[in-house]
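Chemist: turn this into a structure:
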Amino acid sequence: PASFTPQTSSEQEKRHTIAGTILLCIGAVLLLTCLILAGDLLAGLIYGLPFFLCGIICFTVKHRTGLWCGWAAYLCIDLYLRFATGLSWTTVFMTHLWTAQMNYARLAISWVQLLGMLVMIVCTARSYRTLKLPTTKKEGTWLIAGWLAVLVVLPLLMSYGVMPLLLDDLGNYSNISPYFLLNVLYSYVRLALVNILLVRTLAVWRLKREEKKA
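Modeler: Numbering: from 1, shown residues only. Prediction:
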């Protein structure tokens, strides 16, 4: 056992190095291809960014590397779709109002964004499935406050506090408008909080369940 752990760690680092090198090379090939064939550096950076980020993660992150690569790829793709189409997963709530004139392909994109987000949330919860936290008063208070903030306070604050201040900006809505950028930032901050709260809530529940069984 004493010699097994270093060997396993060394093999894991080797695999990460190989994967990171391959991903960085793919990113470089995409960047050069767009630059040489189309003369478009921005397009090359956009298409190569997920590979560059995942490659860097493989070299720098030793635990849950696959999870963080998944999140990096998801966020890059989701951010690109938001800026390219102006859509987000919240568009699925308009499914019953959607018409052929509004282009069903755009609605399908929003459903893909939603499914991708749900898959990553499930993967995150599964990755931390062995984590257990004691049910302390402080932990319980923070979890309750956190869920209230995510589910109630932040949506109300955005709808009735922040967004009304940007009403003048709605007439000039674009993918670089303050309204759009604030919506994107709010969405990602809320998503991060949901993942943190879900992981910690499940960790508290696991330990509490074990204590009841004992």
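Chemist: report the helix or strand with the lowest average pLDDT across the chain.
Modeler: Evaluated with mean pLDDT, DSSP states H and E, the helix-and-strand set of the chain has its lowest mean pLDDT in helix 167-170, which scores a mean of 58.
Chemist: would you map the helices across the protein?
Modeler: Along the chain, the stretches classed as helices by DSSP state H are 4-33, 41-60, 65-85, 104-127, 137-148, 154-157, 167-170, 178-213.
Chemist: check the ones you listed for me: which has the lowest mean pLDDT.
Modeler: When the helices of the chain are compared on average pLDDT, helix 167-170 comes out lowest at a mean of 58.
Chemist: still on that earlier bit, and of the helices of the chain, who's closest to residue 92?
Modeler: Across the helices of the chain, the minimum distance to residue 92, taken as Cβ to Cβ, is reached by helix 104-127, at 5.2 Å. The C-beta positions use only the backbone N, C-alpha and C, and glycine is treated the same way.
Chemist: using CSV, write out the CA atom coordinates for the closest one.
Modeler: This file holds the C-alpha atoms of helix 104-127, laid out as CSV (Å, rounded to 0.1, in the frame of the first residue of the first chain):
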residue,chain,number,x,y,z
TYR,A,104,-37.8,26.4,-33.4
ALA,A,105,-34.0,25.9,-33.8
ARG,A,106,-33.5,28.8,-31.4
LEU,A,107,-35.8,27.2,-28.9
ALA,A,108,-33.9,23.9,-29.3
ILE,A,109,-30.7,25.7,-28.4
SER,A,110,-32.1,26.9,-25.2
TRP,A,111,-33.2,23.4,-24.3
VAL,A,112,-29.7,22.1,-25.0
GLN,A,113,-28.4,24.9,-22.7
LEU,A,114,-30.8,23.8,-19.9
LEU,A,115,-29.9,20.1,-20.3
GLY,A,116,-26.2,20.8,-20.3
MET,A,117,-26.6,22.8,-17.1
LEU,A,118,-28.6,20.1,-15.4
VAL,A,119,-26.0,17.4,-16.4
MET,A,120,-23.2,19.5,-14.9
ILE,A,121,-25.1,20.1,-11.7
VAL,A,122,-25.7,16.3,-11.4
CYS,A,123,-22.1,15.6,-12.2
THR,A,124,-21.0,18.0,-9.5
ALA,A,125,-23.2,16.5,-6.9
ARG,A,126,-22.0,13.0,-7.8
SER,A,127,-18.4,14.1,-7.7
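Chemist: wait, what's in contact with residue 14?
Modeler: For residue 14, no residue counts as a contact, taking Cβ atoms under 8 Å, 6 or more residues apart in numbering as the criterion.
Chemist: next one: residue 123
Modeler: The contact partners of residue 123, taken as Cβ under 8 Å, 6+ apart, are 67, 70.
Chemist: and residue 183, by the same measure?
Modeler: Contacts here follow Cβ under 8 Å, 6+ apart; on that basis residue 183 touches residue 88.
Chemist: before we move on, what about residue 64?
Modeler: Residue 64 makes contact with residue 127 under the criterion Cβ under 8 Å, 6+ apart.
Chemist: read off the pLDDT value for it.
Modeler: Residue 64 is given a pLDDT of 94.
Chemist: measure it to residue 58 for me?
Modeler: 12 Å (Cβ to Cβ, to the nearest Å).
Chemist: with residue 16 instead?
Modeler: Using Cβ to Cβ, residue 16 is found at 5 Å from residue 58.
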